[in-house]
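Enquirer: just coords:
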């Protein structure tokens, strides 16, 4: 199993709407891709009072790198973005990381 991870940051005021947006775009696209085994959308507050931001971590699970490529394309290390990402994200990773899942309980 492969775990694919990506991080992005929004203004805290946009966090709730962005979470729904990610669910409607990226998480839906994962689920529609053969070989996807599920995903997590995690968030946490970051920054101080003058810079109220929320970091998101997306972790998706795949049965193989071939399945990841069906979702991400021929260069699976490149992050996939959607039209309104520019509206919400103040920082974002342009690449993703892939991990082999060694233990799952």
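Expert: Structure received. Owing to the predicted nature of the structure, the values given are computational and were not obtained by experimental measurement.
Enquirer: ok, residue 66 to residue 55 distance?
Expert: Counting by CB to CB, to the nearest Å, the separation of residue 66 from residue 55 is 30 Å. Every residue, glycine included, has its C-beta placed from N, CA and C.
Enquirer: so between those two, which is more surrounded?
Expert: Between residue 66 and residue 55, counting by other CB atoms under 10 Å, residue 55 is the more crowded of the two (16 against 12).
Enquirer: what about residue 10, is that helix, strand or coil?
Expert: strand (DSSP: H, G, I helix; E, B strand; the rest coil).
Enquirer: would you map the strands across the protein?
Expert: Counting by DSSP state E, the segments of the chain that form strands are 2-11, 36-46, 53-62, 89-92, 97-100.
Enquirer: dump the ones you listed to JSON lines, plus distance to residue 82 and mean pLDDT.
Expert: Rendered in JSON lines, the data for the strands of the chain read as follows (distance: least, CB to CB, whole Å; pLDDT from 0 to 100):
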{"stretch": "strand 2-11", "distance to residue 82": "11", "mean pLDDT": "98"}
{"stretch": "strand 36-46", "distance to residue 82": "14", "mean pLDDT": "97"}
{"stretch": "strand 53-62", "distance to residue 82": "12", "mean pLDDT": "98"}
{"stretch": "strand 89-92", "distance to residue 82": "10", "mean pLDDT": "96"}
{"stretch": "strand 97-100", "distance to residue 82": "20", "mean pLDDT": "98"}
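Enquirer: nearest to residue 22, out of the ones you listed?
Expert: Comparison of the strands of the chain against residue 22 by CB to CB identifies strand 36-46 as nearest, at 5.7 Å.
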